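Participant: here's my sequence, what's the structure:
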Amino acid sequence: MTDLKNRALEIIDQLHCEGSSMEHRDYSVIFDALEEIEPLCSRDEELKELWAQFCGVPIDPDTECIEEAFGEFPVGTPCEEIWHWFDERHSKGVAYLMYNGIEDYVPETRRLYGLKKLCFECESKDCQFNHGGECRFALVHERKPRINDIDGCIDYDYQEGEGDFCLEAWDSFIEKEWRDGDE
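Facilitator: Below is the predicted model of the structure:
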């Protein structure tokens, strides 16, 4: 509940308790109206219209503060403070308003962040998925690379021309595979 609503409830309680001429029926109507939960879609539509108005308010590029009063916000209010106000009130947050209702930005960002957490430090300098010492296999294939104690990274993909490829190691690997295949 907002501070404004809380204050209104306090005032109406005070008026009712001080023996004003307000009838209980009138008190109940006002109290119930203040307590009623507004449907999100109605509130979001109002906030969307308010956001469109806010987008027309001039902003000082150096201070990032508004140059004209906007609603309850006086001249000089930092934009970030107003963004927080919208974020607290809109059901999908201020980002939804900033991106003009495109809902895909949140799930896609969340998905990419999850995949990025699967990336790890990698020593295979000649692997296609190694980017600056970090394995980026998960970002391409959307899963962790398969690594075991015997073969190492099964999803290793040699990148020709970069890194130090050791022919002796490759020959011994082929020889071992050929030997193991005969057994």
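Participant: could you find the closest non-adjacent residue to Ala8?
Facilitator: Leu34 (5.5 Å; Cβ to Cβ, 6 or more residues apart in numbering). Quick note: C-beta positions are derived from backbone N, CA and C, even for glycine.
Participant: repeat that for Leu47.
Facilitator: Using Cβ to Cβ, 6+ apart, the nearest residue to Leu47 is His90, at 4.8 Å.
Participant: gap between Asn130 and Leu118?
Facilitator: 14 Å (Cβ to Cβ, to the nearest Å).
Participant: so between those two, which is more surrounded?
Facilitator: Asn130 (21 against 16; other Cβ atoms under 10 Å).
Participant: list the contacts for the residue nearest to Ala8?
Facilitator: Leu34 makes contact with 5, 8-9, 12 under the criterion Cβ atoms under 8 Å, 6 or more residues apart in numbering.
Participant: which one of these is nearest Ile59?
Facilitator: Nearest to Ile59 among the contacts of Leu34, counting by Cβ to Cβ, is Lys5 at 29.0 Å.
Participant: what mean pLDDT does stretch 131-144 have?
Facilitator: When pLDDT is averaged along stretch 131-144, the result is 85.
Participant: same thing with stretch 155-170?
Facilitator: pLDDT averaged over stretch 155-170 gives 60.
Participant: likewise for stretch 13-20?
Facilitator: Mean per-residue pLDDT for stretch 13-20: 71.
Participant: residue boundaries of the helices in this structure?
Facilitator: Applying DSSP state H to the chain gives helices spanning 3-17, 24-35, 40-54, 79-89, 94-98, 105-116, 137-141, 167-182.
Participant: on that earlier part again, how close does the residue nearest to Leu47 get to Ile82?
Facilitator: Taken as Cβ to Cβ, the span from His90 to Ile82 is 12 Å.
Participant: go on, Ile30?
Facilitator: 29 Å.
Participant: so which of these two has more stuff around it?
Facilitator: More neighbours surround Ile82 than the other of Ile30 and Ile82, with 21 against 16 (other Cβ under 10 Å).
Participant: contacting residues around that one?
Facilitator: 54, 66, 70, 73.
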